[in-house]
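Visitor: give the three-dimensional model of this entry:
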Amino acid sequence: MRWALVRVSLAVTTMVVLAFAVPLGLVIQEMARDRAFSNAERQAAAIGPTLSITTDRRQLERAVASTQAGAAGRMAVHVPASDETGGQTLEIGTRRAAVKDLATTQRIGRASITEVTDGSALLQPTALSSGKIAIIEVYVPEDEVGKGVTTAWLVLAGVGAALVVGSVAVADRLGVRMVRPAQRLAGAAHDLGEGRLGARVPEEGPTELRSAAVAFNSMADQVVQLLANERELAADLSHRLRTPLTVLRLNAASLGTGPAADQTRAAVEQLEREVDTIIRTAREAKPQTQATGPGAGCDVSEVVGERMEFWSALAEDEGRKVRLAGVDRPVRIPVARPELAAALDALLGNVFRHTPEGTAFSVDVHNGEDAVIVLVSDAGPGIADPEAALTRGNSGARDGSTGLGLDIVRRVAESTGGDVRIGHSVLGGTEIRIWIGLVGPPKRPQGRLGHRTKRRRKGGAGSRRGAEV
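Guide: Sure thing, here's the model as predicted:
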């Protein structure tokens, strides 16, 4: 669009410049010609009074020499033979016009212009006292006829070029003003289609594009809100269904053997797979977990306390000891509340699903200057291969796991520039550390906690069967 506008402006301006400059140049050229011959007529008219009085050669020569054209050798006087001239034709100066042109001018009795070598000649007839017609010839060189014309053409060309360049520059600026908002709108639409839900367009530019930007931003806000509602619904379903399913599976495991017990366990496993399918479908939308704008995010202490209260009821039924620490004061993090709740539920659900009844667990929140660390520890058998456990879908074939639990946690941490690590806990089982950045991408931990986690990775003993990732 931008270059099309520039090309149109260039074509239109060029046509306008040509339409005005060419006729104006021709007018200037004609004016220069008229000026040259008008000057020649004045020079010829200066000899007329002398010719009407006398045809004496000396007097005529003095009269011719007194004029500008005569002094420059560009004037000639042709007097026909008469009694005053002694019956001889009198010529003063250099003749340049053809004899036939002189005769024609004498016959018609009015001034004429004829072409001569390197210019033109004005032939002015003048009546003598004898009644005959004398011809005054004034030579006008070619450069005199075109004097100032070249300069005028150059000036017109310069003005025309300046107008063309100026119009192209203005058209380019107008094109940029129109094209850039359109490009930003197209780019934002592409980003939104790629799943970057934070894409917005500055509401500027022409009225139409500004209206389009307002409509696009409103649409994007509605899309984000709809996805947020959908994620909250999926999280709510997981909260409501996961706990009774866990209890039902544990109860089914205690039914012993027999056809009825096998059918019950198979039905419970089928139901778990259906719930996992619902969760996987909801999570495939790749929600935006990075909170934006002032005041966005949630209080990690409040969310951790709320989820621990939820899971404490089941922990009491199974005889599990629970410890919660570090939630005595509010700590805001740049993660949406539903996303953090889903991550905590995934980790706590793993504890109940993949450790024996009576296994203790704890949740600790550590608040730093540039990050918040959430530790979920248990006294279970641990995880044999922490690296493999963090790979999406790695455990999808074990115990009905969807392979999404730790992947959900990892996406929440990485959205803030943080990460997730698996190590050996002080309780003897697994410790999962969630590093949540507060101000930009945080640096990798280099202190005691980081080294301790590395040692525990190497020394982690045992195997957690069917750990969800």
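
Visitor: what bits of the stretch 351-469 of the chain have low per-residue confidence?
Guide: Low-confidence segments of the stretch 351-469 of the chain (pLDDT under 70): 391-405, 439-469.

Visitor: what about the strands in it?
Guide: Counting by DSSP state E, counting those that start in this stretch, the stretch 351-469 of the chain has strands at residues 361-367, 371-378, 419-424, 430-437.

Visitor: how about the chain?
Guide: Using DSSP state E, the strands found in the chain span residues 75-79, 90-92, 112-116, 119-127, 133-141, 298-299, 322-325, 332-333, 361-367, 371-378, 419-424, 430-437.

Visitor: would you turn the ones you listed into CSV with mean neighbour count and distance to residue 222?
Guide: C-beta coordinates here come from the backbone N, C-alpha and C atoms, glycine included. Compiled in CSV, those are given as follows (neighbours: other Cβ atoms under 10 Å; distance: least, Cβ to Cβ, whole Å):
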stretch, mean neighbour count, distance to residue 222
strand 75-79, 24, 93
strand 90-92, 18, 101
strand 112-116, 15, 84
strand 119-127, 20, 83
strand 133-141, 23, 83
strand 298-299, 18, 22
strand 322-325, 14, 38
strand 332-333, 20, 26
strand 361-367, 20, 34
strand 371-378, 23, 31
strand 419-424, 22, 32
strand 430-437, 25, 28
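
Visitor: can you redo those strands as CSV with distance to residue 9?
Guide: CSV is the format used below for the strands of the chain (distance: least, Cβ to Cβ, whole Å):
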stretch, distance to residue 9
strand 75-79, 54
strand 90-92, 62
strand 112-116, 45
strand 119-127, 43
strand 133-141, 44
strand 298-299, 54
strand 322-325, 71
strand 332-333, 54
strand 361-367, 61
strand 371-378, 56
strand 419-424, 55
strand 430-437, 51
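
Visitor: out of the ones you listed, flag the one nearest residue 57.
Guide: Comparing the strands of the chain against residue 57 with Cβ to Cβ, the closest turns out to be strand 90-92 (6.3 Å).

Visitor: list the contacts of that closest one.
Guide: For strand 90-92, the external contacting residues (Cβ atoms under 8 Å, 6 or more residues apart in numbering) are 55, 57, 60-61, 64, 76-79, 81.

Visitor: which of those residues lies closest to residue 23?
Guide: For these, the nearest to residue 23 is residue 76 (36.7 Å; Cβ to Cβ).

Visitor: show me what that closest one bridges to in the sheet.
Guide: residue 137 (DSSP bridges).

Visitor: average pLDDT across stretch 147-167?
Guide: Averaged across stretch 147-167, the pLDDT comes to 81.

Visitor: how distant is that stretch from the center of its chain?
Guide: On the basis of Cα atoms, centre = their mean, to the nearest Å, stretch 147-167 sits 37 Å off its chain's mean C-alpha point.

Visitor: check which residues of it are buried.
Guide: Residues 149, 152-153, 156, 160, 163-164, 167 are the ones in stretch 147-167 that count as buried (16 or more other Cβ atoms under 10 Å).

Visitor: give me the contact list for it.
Guide: Stretch 147-167 is contacted from outside by 9-10, 12-14, 16-18, 21, 24-25, 28-29, 32, 36, using Cβ under 8 Å, 6+ apart.

Visitor: with stretch 102-113 instead?
Guide: So stretch 102-113 is contacted by 37, 41, 44, 78, 80, 95, 101, 120-125, 133, 135, 137 (Cβ under 8 Å, 6+ apart).

Visitor: how does it look with 6 Å?
Guide: The list of residues contacting stretch 102-113 from outside it, by Cβ atoms under 6 Å, 6 or more residues apart in numbering, reads 78, 120, 122-125, 133, 135.

Visitor: just those now: which is nearest residue 270?
Guide: Out of the contacts of stretch 102-113, the member with the shortest distance to residue 270 (by Cβ to Cβ) is residue 120, at 112.0 Å.
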